[in-house]
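Trainee: sequence? don't have it. structure:
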């Protein structure tokens, strides 16, 4: 048993379960008190933000776990209530708290069944924060599945015209992925022996990863490879990686604004996080073995997402496909197994979270006012809504990867790292005829296509002759600005000076990269 | 002979059941039509007494170990006591459900309560039988009364159809079963499980005849648990029978069928006889869950959908039998207890709504989420639990079953199982979708009131569904104890 300093303040527990408690409280409030319900929601999501702020200031990644809480839960199966964070999760945890808070504020305009809406939002937040804190696979799985039902309802009840279809598609895709994860979890449990017992402890499994190599073959495949593949499919659906991405455009287009923000800002990151925390940390050799196909899937996502985005005329769908494209960088960064590229990958998750959340908020703003999202239906509104245009340009340029904004830093880290990766030529890989250099060169074209579709979008909406319908379009109001400012600051600040972000993750990722490279036979 | 008289002492639970039955039968004559509720209350009290006496018996058994009764006709062991607990709870819940059911109220309700209690007696005999004759007797005791319960709504052609269908299928499969029993007697020279086992282990009978006999006897039991290929009766019977009876059939006789199937296979055949019966069970399990799930997808009636869902559930439960390891058995026992709670819960919602909207059609469920928040929310929790999503008891049940399967390295089997639960999500969600995502075309009634008893019962059933989803160790230890004695 590893002995870690137990944090007596239960910081992560409070952060995880405070929203749930608020949600239960909301359920007890009378339906008519809509203002009270909204404020309860704000408080429920503000507390995690404050705690996340504390973590941001106080936490310095040293490659070890922090804020650990560990109690036996189901002793007969060695299931523990084991919470803690390290560099893999710290930045994403902070992102989750921030995005959830912003989403709650952005939900102010919801008028239909508010009680249910905010209660589900709170439940969703508990699930999301829990995923990033859980270090026991069973606990992780519970939190992971906990998000499905609220998400289904949030899309299905408060969504757009095709909401029923989008909601069930989301639910089914994710569940199909997570049942594979369940089997992988059980296979790992039965083949682990930590201090003579089977275990769900992710950290200990990572430390004893060699025992999985000796485990018996499954269906003729080596144990680490097939279990890694099952996990990968589960997480790839969530990221989503092309070709598992088809649920995403539907879900995004139909979801209400705040839910899209959460979906793009947080949910997609869980796939990437899970891949690092479970897949890469426990099966390093499988990570090396599969590095090229995963890198190729990453490039596939980058290009496919970008080309699809180019063909869209619906603004929200364009942003949705741009998410597929941007998450491809995450995958490429992780796959190439260099320290720089992995830091870039995790940073890309954070930066995509902030920039795309802004984009979705802005799409919601314009949709609230005009009731459509057709890119060709605007024209020249830049002169009418200058503040809106300013913020939109900031968000767009950030996701385009313009130097000085956050997207640039993470993309350049990914590309630089993966360009220099020589992992593909490693012994044991059947893919040695493809090098990461080639992959990276192809991936770099994604940047150009991204610029093309985003600039075209900006041009069609803001420039040119003014569409007379929108002469009196109101600009951003105070609440909208309030939701956008924190994200804007993050985009600018981490673009100019990314060190605070790197400080949250650098040591752990460098340790992980070294660990994976060191696992080679 | 004297020993047999002394054995009566171990029959106290059954005697309590019988006395309850007798008292209820008499009371039914005393109370006037339309005022028969006290009869049900007596039944509920009797069940309470039964649970207490089972508790005592289980404490006593801890010292003596399992006991054979009546020249090895029956056995009292933790296994049978566990099942009797399930039966007692099921019967108790059914009686409470029946008390507020408008369907039953129109008929002679007193008889209904009384019959349910008598079925419970049959089930508790069945789960303790260790002798083929005893099995047949208690089997018929359950079956004949079940036919009556299914056709209980006199004047409703659907209910009569349901009763007749149940009877014809039942008679047919029981006929095959008893034919198989006689053949097994011919092959092994005994009707008692242990002697059959010893004979089979000694290689008596030959592989092919014994396998055929096994299949024949299994047909009756597969009929009871509604597993493929003997599942066809269940959708029609479930749809036509009074909803209370359906709720009862989907849990009580099914659990009893599992009890006897487990005991028969594991004691009479066991892991060390030449017949590879667990392979057969594996195939049946896959067939059952796949047929149940895929047919459920297209159902427009919630009762019928739940019938197919309970076929699929039987398939999952059979997974635990297909693995020879005792872990599989304790997972089955855990799952059956959980299944009782969640399935009774789902039927309770159907019943509560049926009292008001007079329908169990999916299209009439539209907009229920707003009209009856408690019933709809409860339904979501029960259906999520039936799907097997955390944090519910159904998830833990499935987790334990899959765990047992994975432990035996039956990876393809496990994969088919989990993919089936993804399929099941589709039809369970159709109900959720109708209730919450769709709007009722008929705004009146603005609110559907459910009886206070039902509301309380719903909350009582939700609590264990969530609690066992998070803290399942004590309950699982109980089911392990029931398997290992």
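Mentor: Yes, it's here. What you see is a predicted model, and the numbers here were worked out from it, not measured in a lab.
Trainee: Would you state the strands of chain A in chain order?
Mentor: In chain A, the strands defined using DSSP state E lie at A:66-74, A:79-85.
Trainee: gap between the helix or strand of chain A with the lowest mean pLDDT and the chain center?
Mentor: Using mean pLDDT, DSSP states H and E, the weakest-scoring helix or strand in chain A turns out to be helix A:210-213, at a mean of 83. Mean-position distance between helix A:210-213 and its chain equals 29 Å (CA atoms, centre = their mean, to the nearest Å).
Trainee: Spatially nearest residue to residue B:273, not counting backbone neighbours?
Mentor: residue B:200 (4.3 Å; CB to CB, 6 or more residues apart in numbering or on different chains). Using the backbone N, CA and C atoms, a C-beta is placed for each residue, glycine as well.
Trainee: show me what contacts residue 387?
Mentor: Picking chain A for this. A:475, A:476, A:481 (CB atoms under 8 Å, 6 or more residues apart in numbering or on different chains).
Trainee: Actually, chain B is the one I wanted.
Mentor: Counted by CB under 8 Å, 6+ apart, residue B:387 has contacts B:394, B:421, B:424, B:425, B:428.
Trainee: Show me where the chain dips below the pLDDT cut-off.
Mentor: Answering for chain A, as no chain was given. Low-confidence segments of chain A (pLDDT under 70): A:1-8, A:424-432, A:521.
Trainee: nope, chain B
Mentor: B:1-4, B:444, B:485.
Trainee: on that earlier part again, which helices and strands does the host helix or strand of the residue nearest to residue B:273 pack with?
Mentor: Under the criterion of DSSP states H and E, residue B:200 resides in helix B:193-201. For helix B:193-201, the elements it packs on are helix B:157-188, judged by 3 or more CB pairs under 8 Å, 6 or more residues apart in numbering or on different chains; DSSP states H and E.
Trainee: list the contacts for the nearest residue to residue A:278 once chain neighbours are set aside?
Mentor: Spatial nearest neighbour of residue A:278, excluding adjacent residues (CB to CB, 6+ apart): residue A:231 at 5.8 Å. By CB under 8 Å, 6+ apart, the residues touching residue A:231 are A:180, A:181, A:184, A:274, A:275, A:278, A:279, A:283.
Trainee: what about the residue found closest to residue B:12 once you drop the neighbours it is linked to in the chain, how many neighbours?
Mentor: Of all residues not flanking residue B:12 in the chain, residue B:53 sits nearest, at 5.3 Å (CB to CB, 6+ apart). By the criterion of other CB atoms under 10 Å in any protein chain shown, residue B:53 has 18 neighbours.
Trainee: again with residue B:455
Mentor: 16.
Trainee: what does chain A put close to chain B?
Mentor: A:73-76, A:113, A:141-142, A:145-146, A:148-149, A:152-153, A:156-157, A:163-164, A:167-168, A:171-172, A:175-176, A:179-180, A:182-183, A:186-187, A:189-190, A:216, A:218-219 (CB under 8 Å from any CB of the partner chain).
Trainee: Can you select the buried ones from the residues you listed in PyMOL?
Mentor: Buried subset of the residues of chain A next to chain B, written as a PyMOL selection, criterion 16 or more other CB atoms under 10 Å in any protein chain shown:
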select buried, chain A and resi 73+74+113+141+142+145+146+148+149+152+153+156+157+163+164+167+168+171+172+175+176+179+180+182+183+186+187+189+218
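Trainee: Mind checking which of the residues of chain A next to chain B land in helices?
Mentor: Judged by DSSP state H, the residues of chain A next to chain B include A:141-142, A:145-146, A:148-149, A:152-153, A:156-157, A:163-164, A:167-168, A:171-172, A:175-176, A:179-180, A:182-183, A:186-187, A:189-190 as members of helices.
Trainee: so what's residue 185 closest to, chain neighbours aside?
Mentor: As the question left the chain open, I've gone with chain A. In space, and not counting its chain neighbours, residue A:185 is closest to residue A:137: 5.1 Å by CB to CB, 6+ apart.
Trainee: wrong one, I was asking about chain B
Mentor: With sequence-adjacent residues excluded and distances taken as CB to CB, 6+ apart, residue B:185 is closest to residue B:191, at 5.6 Å.
Trainee: And for that neighbour, the neighbour number?
Mentor: 21.
Trainee: which residues touch it?
Mentor: Counted by CB under 8 Å, 6+ apart, residue B:191 has contacts B:131, B:132, B:133, B:181, B:184, B:185.
Trainee: Now the buried members of the residues you listed.
Mentor: For those, buried by 16+ other CB under 10 Å: B:131, B:132, B:181, B:184.
Trainee: wait, what's in contact with the last one?
Mentor: Neighbouring residues of residue B:184 by CB under 8 Å, 6+ apart: B:132, B:191, B:196, B:210, B:213, B:217.
Trainee: burial count for the residue lying closest to residue A:216 once chain neighbours are set aside?
Mentor: Once flanking residues are discounted, residue A:216 sits nearest to residue A:223: 6.6 Å by CB to CB, 6+ apart. Residue A:223 is flanked by 20 other residues according to other CB under 10 Å.
Trainee: Relative to residue A:184, how far out is residue A:223?
Mentor: Distance of residue A:223 to residue A:184, computed by CB to CB, to the nearest Å: 10 Å.
Trainee: now swap in residue A:453 and tell me
Mentor: For residue A:453, the distance to residue A:184 equals 36 Å [CB to CB].
Trainee: Comparing these two, which residue is more hemmed in?
Mentor: Shown here are residue A:453 and residue A:184; by other CB under 10 Å, residue A:184 has more neighbours (26 against 22).
Trainee: I'd like to know how many residues surround the residue lying closest to the more buried one once chain neighbours are set aside.
Mentor: Among residues not flanking residue A:184 along the chain, residue A:230 sits closest, at 4.3 Å (CB to CB, 6+ apart). Residues within reach of residue A:230, counting by other CB under 10 Å, total 22.
Trainee: re earlier: for the least confident helix or strand of chain A, buried residues please.
Mentor: residue A:212.
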